[in-house]
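[1] sequence and predicted structure below; questions after.
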Amino acid sequence: MAAKHTTLADVCLVLEGTYPYVSGGVSTWVHQIMGMFPDLNFAIFYLGAQKDASCQMKYELPPNLVALEEVYLFDLKVNDGGILGGMGVRWQPFYESVRKLGVRLPEGDAHDLELLRSILAHITNNSRISFDTFWRNESTWGVVRELYDRYAPDESFIDFFWTLRFLVQPLWKLARAMHRMPEAKIYHTACTGYAGLAAALASAERGKPLVLTEHGIYLRERIADICRSPWIPDQLVRHPNLNEPLGSLRRLWIGFFDVVGRLCYTQSSDIVSLFGKNALAQQHFGADAGRMTIIPNGIRTEAFEPVMLRRVERRIAQPGSQVVGFLGRVVSIKDVKTLLRAAAKVCAVLPAAKFIIGGPPDEEPEYVRECLDLKAQLGLQDRVSFIGPVKRDAFLVEIDVMILSSISEGLPFVIIESLAAGVPVVSTDVGACSELLRGRPDESPALGEAGLIAEIGNSDELAAHLVRVLTDANLLESLSQAGLQRVKQLYQEHTVQESYRDLYQKHLDRLSVVVGH
C-alpha cells in the first residue's frame, strides 16, 4: 500500500521490518504513539526486506496516518528503475566521493554523512543507470579492488566481491527510493540501521529535526546475527588471530552497521532510551549523552483490571493450576528452544504443569519447524501447545506465570502487560527485564520482586524459577502484588504521552518560530 500524500505530516515515522506488517513491541509502540496524538498527522516510511504478496497488515491503520510508503531493500525481483547503459565521465565525482569515504575507516560523523549524501544523491540523480551497469563498470571494479587491498587482502576476492555487492545493493535501492520519503516537520525513527540511515538522510537534506527512539540496541543485535550467520564465508587461516576471532567479511558487515548507527546518532536531535542500561549501551556505540532522555514504555493499567479479576476467579475455580505462558513471535531471538528445554525439566518435576506458546509463527518458519521437532524429541507432545496468534487478554487469564526466554529485548510490553494483569514473570536477564521485575534504582519505596531472573540460555535456572513460583502460592501472590504496584507507579501510558508531547512540541514550536521569521 502507498497512501497518497494528502498533507504535510507533523511526524514521519521511519520504520524497518515492523509496523504494520509485523506484530511485537516496536509495532505496539508505533500504533500507541499515533493513537496518543489524534491531533497530529503521521506518515510512515516502511523499509522491508522482500515483498510478500501473502503478508497481511496486523493493525488497523489510524485515521491520522496520512501517508504510507513501502520500500523493499532486498527484493531482487524489483527493478531499481534504471536501464543498461554507459556511465561516462559524469560519474567521476561519485567515485571521488567513494574514495574519500574509504580512504580512512569511516567514523559516522557529520563529515561522513555529507559524503554519503553526495554519493547517494548521485545515484538518485542518474536514475537511468541500473545497478548491474554500475556494478560491472570498470571504475567500480577499480574501487572494489582498492577496498579489497585495504580491508580484506587475506580473504578470497570472490567472497569479498559478493559480500560488498550484497552490502551496497540495498543502499542503491534506498537512494533510489528517498524521493518517496514523505515530507514532515519531524522525522522519528525506531532504530538505527537502514531506517535510521534513511531518517538521518531525510533530516539532513530537508533541514528537519530527527528523533530516535531505540527500543533494542540495533547494532548489538546485528552483531549477534552476523557472528552466527552461515551465509558469510570465513577464510581459513594457518595462524588464527586470537585478538580478532572474526573474519574480515564479518567485520566488514559489523563495521557497516556501526558506521550507519553513528550516522543516525550524529544527526539525531533527541535520542530516547527506554531504560538506563540501554542509554549506557547507546553511549558506548557513539550516542551523545547530552542529547539523551529516558522514556519507558507504558500502558493503560486500568484496562487490565477486568483481566486480573477474571484471572483470580479462574485460579480460585482451578486450585493448583500450573500453566506457564509465552506470548510473542516464535523467532530465534526469543530463544524458544531454551524455553522448551526448561519446559521438559519442569514437566519432569510437576506432572500437572502445562506450557502454552502463543504468537505468530510466520516470521521464521524454519525456526518454528525446529522448535516443533525439539518439542517431539523432548516428549512434550501433551505438555506444550503452540496455539498461534491469540487475543492477549484471554491468554493472560489462562496462565499462572509468564516466561520470557529472549536473548535480546528492549522494554517488553508483554512483561508490563502481564504484571498489570497480576501475572508474575520468569525472564532472562535482557534489556529492562531486570529492572521491571526487581525494581529501578530510583524506585521509592522499594516494591520488591515481581518475578525471577535467569541467565540467557540457562534452561536449568529458568526451570528452577518456574518450579519455585508454581509450587509456592505465597510467593506467586507477593510477586503478583509487587508487579501491580510497580506498573501503576512507573509505567503508565499517560506519563509516556506527556513526555513525547513535550518532545514533539519543542520541535514544532521551533519550526513555527523559523517559519514566522
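    In hand now; what should we look at?
[2] give me the residue at the spatial middle of the chain.
    G216 (5.7 Å; C-alpha atoms, centre = their mean).
[3] just confirm that one is within a strand.
    No. Under the criterion used here (DSSP: H, G, I helix; E, B strand; the rest coil), G216 is coil, not part of a strand.
[4] so it is in contact with S406, correct?
    No. Here G216 does not reach S406: they are 9.7 Å apart, not a contact under C-beta atoms under 8 Å. (Glycine included, C-beta is placed from N, CA and C.)
[5] shared neighbours, those two?
    Listed as contacting both G216 and S406 by C-beta atoms under 8 Å, 6 or more residues apart in numbering are G431.
[6] dump the residue contacts of the residue nearest to the centre of the chain.
    Contacts of G216 by C-beta under 8 Å, 6+ apart are 191, 278, 408-410, 431.
[7] closest to G388 among the residues you listed?
    Using C-beta to C-beta, E409 is the member of the contacts of G216 that lies nearest G388, at 21.7 Å.
[8] next, that closest one: secondary structure please.
    Classified using three-state DSSP, E409 is coil.
[9] how many residues are close by it?
    Residues lying near E409 (other C-beta atoms under 10 Å) number 24.
[10] what of the one 5 residues further on?
    V414: 24 surrounding residues under other C-beta under 10 Å.
[11] let's have the contacts of G216 in CSV, adding distance to V307 and pLDDT.
    Formatted as CSV, the contacts of G216 follow (distance: C-beta to C-beta, whole Å; pLDDT from 0 to 100):
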residue, distance to V307, pLDDT
C191, 30, 95
N278, 28, 93
S408, 27, 89
E409, 22, 92
G410, 23, 91
G431, 24, 93
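[12] coming back round to it: got phi/psi on the residue nearest to the centre of the chain?
    Per-residue torsions, G216: phi -100, psi 180 (degrees, to the nearest 10).
[13] then I387?
    The phi/psi pair for I387 (degrees, to the nearest 10) is phi -110, psi 0.
[14] these two touch, right, it and P360?
    No. Counting by C-beta under 8 Å, I387 does not reach P360; the two are 11.0 Å apart.
[15] please say which of the two ends up with more neighbours.
    P360 (17 against 12).
[16] and the pLDDT at the more buried one?
    pLDDT, P360: 91.
[17] now do the contacts for the residue lying closest to H122 once chain neighbours are set aside.
    Distances taken as C-beta to C-beta, 6 or more residues apart in numbering put F94 closest to H122, at 4.2 Å, once the chain neighbours are dropped. F94 makes contact with 119, 122-123 under the criterion C-beta under 8 Å, 6+ apart.
[18] recalculate using a threshold of 10 Å.
    Counting by C-beta atoms under 10 Å, 6 or more residues apart in numbering, F94 touches 87, 118-123, 125-126, 134, 139-140, 143.
[19] off-centre distance for the one helix or strand it maps to?
    Secondary structure assigned from DSSP states H and E places F94 in helix 92-102. Its chain's average C-alpha position is 32 Å from that of helix 92-102, according to C-alpha atoms, centre = their mean, to the nearest Å.
[20] contact partners for the closest residue to M181 other than its chain neighbours?
    Of all residues not flanking M181 in the chain, A202 sits nearest, at 4.8 Å (C-beta to C-beta, 6+ apart). Contacts for A202 (C-beta under 10 Å, 6+ apart) come out as 12, 14, 45, 178, 181-184, 187, 189, 208, 210, 267.
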